[in-house]
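K.L.:
Generate a structure from the sequence data that follows.
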Amino acid sequence: MVGISEDTDTPPEARRQRPGPGTAVTLTVTDKHHIADDVASLTLRHPDGDRLPDWTPGAHIDLILPDGTVRQYSLCGNRWDAYTYRVAVLREPEGRGGSAYLHDRLRPGDRLGVGGPRNHFPLAPSDAYVFIAGGIGITPLLPMIHQVQLLGLEWKLLYGGRTRHSMAFREELVAAYGERVEVVPQDERGLLPLDQWLGTPRPGTKVYSCGPGPLLAAVEAAGADWAPYALRSERFTAADQGAPVRSTAFEVELRRSGRTVTVTPEITVLDAVRAAGVDVLSSCRQGTCGTCLTPVIDGRPDHRDAILTDRQRAADDCMFVCVSRSCGDRLVLDL
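P.N.:
Presented below is the predicted three-dimensional model:
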């Protein structure tokens with residue numbers, strides 16, 4: 001199993017004081033530079049030089065902007081560097097302003113709140129790997145590639161983007177790994193040759209893909225004959241979940257707060273909970289980031305996220321309150 005072990009050189013008392021995953025801390029931006037068209041790389045460190053929480057390939061952190069906006073970005077630096085986080089931010093012209101702030105206003109020396117790290121896209125054991133990235137979707141795959149290279153496993157990367165200059169980390173990937181990396185700028189070569197890469201299932205190989213929705217849909221279509229567990233993806237936006245199970249209001253009991261709220265069809269559980277004065281950290285509001293994961297004490301959620309597996313959904317012990325709802329008249333949440 002891919003993972004990291006507890007260090008033995010740090011005194012026990014220092015390990016106890018180290019912030020854990022999910023704990024919000026304030027970090028300093030120590031470096032910012034543009035690495036591709038509309039892509040900025042940010043490096044963050046603790047202002048006191050403290051060790052940062054460990055993370056595994058596929059993990060992301062929440063960046064909490066000064067106005068309270070929360071955005072999540074995949075960690076794409078060296079996971080063995082315990083004092084530095086690196087993320088890459090794509091400017092989103094159609095976004096809600098978070099990427100514009102990070103591109104235009106953030107400067108080295110500024111501080112940001114940081115939550116996490118969290119990992120809903122872990123690297124599972126396999127004999128070999130195929131990585132498929134579209135644009136900024138390369139970021140969660142970078143630490144995975146580094147990990148499987150260290151383990152001496154077979155792997156290849158298919159990397160597409162609008163143009164060569166829009167493809168972050170392209171040059172360093174080609175320089176480090178040579179023929180293991182196939183770069184496909186769309187303006188030069190068209191769409192990714194997914195049928196060539198995925199047309200024939202290969203036992204003992206897992207496929208990890210990240211990128212825009214149309215790319216992931218194309219990966220699923222090209223890999224239709226692969227075993228379901230062999231294809232793993234991380235989405236920027238949630239896939240269409242269809243209509244909710246119920247179209248009427250339901251009640252949500254907030255057990256720790258001693259309150260009960262009514263969730264009508266036009267609002268989310270998240271909005272209803274916040275209106276009752278109970279704060280829940282959230283970011284994407286699309287069920288893709290994992291920030292608002294909430295334990296379920298009783299009731300059956302109508303899961304509408306893009307994160308939980310079928311087995312996790314069947315357990316009915318947690319839900320993402322930004323998008324998921326209730327199958328029945330009542331839910332009890334640990335809030």
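
K.L.:
Have a look at the chain and report the helix or strand with the lowest mean pLDDT.
P.N.:
helix 12-17 (a mean of 28; mean pLDDT, DSSP states H and E).

K.L.:
doesn't Trp197 fall inside a helix?
P.N.:
Yes: using DSSP: H, G, I helix; E, B strand; the rest coil, the assignment for Trp197 is a helix.

K.L.:
Can you classify the closest residue to it other than its chain neighbours by secondary structure?
P.N.:
Closest residue to Trp197 apart from its sequence neighbours, by CB to CB, 6 or more residues apart in numbering: Leu158 at 5.6 Å. Quick note: C-beta positions are derived from backbone N, CA and C, even for glycine. The three-state label given to Leu158 by three-state DSSP is strand.

K.L.:
got it, and Asp67?
P.N.:
Quick answer, by three-state DSSP: Asp67 is coil.

K.L.:
Ramachandran coordinates for it?
P.N.:
In this entry, Asp67 is assigned phi and psi values of phi -90, psi 10 (degrees, to the nearest 10).

K.L.:
Next: Ala88.
P.N.:
Dihedral angles for Ala88 - degrees, to the nearest 10 - are phi -120, psi 130.

K.L.:
Dig out what it forms beta bridges with.
P.N.:
Going by DSSP bridges, Ala88 is paired in beta bridges with Ser41.

K.L.:
How many neighbouring residues does the residue nearest to Trp197 have?
P.N.:
Residues contacting Leu158 under the criterion other CB atoms under 10 Å number 22.

K.L.:
and it, what pLDDT?
P.N.:
What the model reports for Leu158 is a pLDDT of 98.

K.L.:
which residues sit in contact with it?
P.N.:
130-133, 182, 184, 192-194, 197 (CB atoms under 8 Å, 6 or more residues apart in numbering).

K.L.:
where's it relative to Asp298, distance?
P.N.:
Distance of Leu158 to Asp298, computed by CB to CB, to the nearest Å: 45 Å.

K.L.:
which SSE is Val207 in?
P.N.:
In this structure, Val207 sits in strand 205-211 according to DSSP states H and E.

K.L.:
Centre of the chain to that strand, how far?
P.N.:
Centre-to-centre, strand 205-211 and its host chain are 14 Å apart (CA atoms, centre = their mean, to the nearest Å).

K.L.:
With stretch 275-293 instead?
P.N.:
Put simply, stretch 275-293 sits 14 Å off its chain's centre (CA atoms, centre = their mean).
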